[in-house]
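In: predicted coordinates and the sequence they were generated for:
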Amino acid sequence: MLWKEYVARQSVTGQELAELAGVVKRILNLMEEPTVRCSERDVLDIARELKLTFYDASYVHCAATRGSTLVSEDAQLLKRAASRVRTQKLEEMLSGQ
């Protein structure tokens, strides 16, 4: 996303890109890494029920087990996942909606 802002949209400078990347790195270092280990069956059930890939279903599973909001730019994923978890577009999250 940062790279897209820098290259495609040219909305940030190289210096701003470096600073933002540093902020993202610090945030990622604070985050707990989600896992679906030992929950493969649950993820498969979600994938079947919502007609999602295992990959997408794993994000739904992580959001559901953590009581978190699933944030994505994938409108189809958000629509399908809404029956299981709170969903929000990235743009909405960034704007505070």
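Out: Here it is on my side, so go on.
In: what's downstream of the lengthiest helix in the chain, the next helix or strand?
Out: As assigned by DSSP state H, the longest helix anywhere in the chain is helix 14-30. Proceeding N to C from helix 14-30, the next assigned helix or strand is helix 40-50, under DSSP states H and E.
In: show me what that next one is packed against.
Out: helix 54-66 (3 or more CB pairs under 8 Å, 6 or more residues apart in numbering; DSSP states H and E). Where C-beta positions appear, they are placed from N, C-alpha and C, glycine not excepted.
In: the longest helix of the chain packs against which elements?
Out: By 3+ CB pairs under 8 Å, 6+ apart, helix 14-30 packs against helix 2-7.
In: next up, the contacts around the nearest residue to residue 72 once chain neighbours are set aside.
Out: In this structure, residue 72 finds its nearest non-sequential neighbour in residue 78, 5.7 Å apart by CB to CB, 6 or more residues apart in numbering. Each residue near residue 78 by CB atoms under 8 Å, 6 or more residues apart in numbering is listed here: 70, 72, 87-89.
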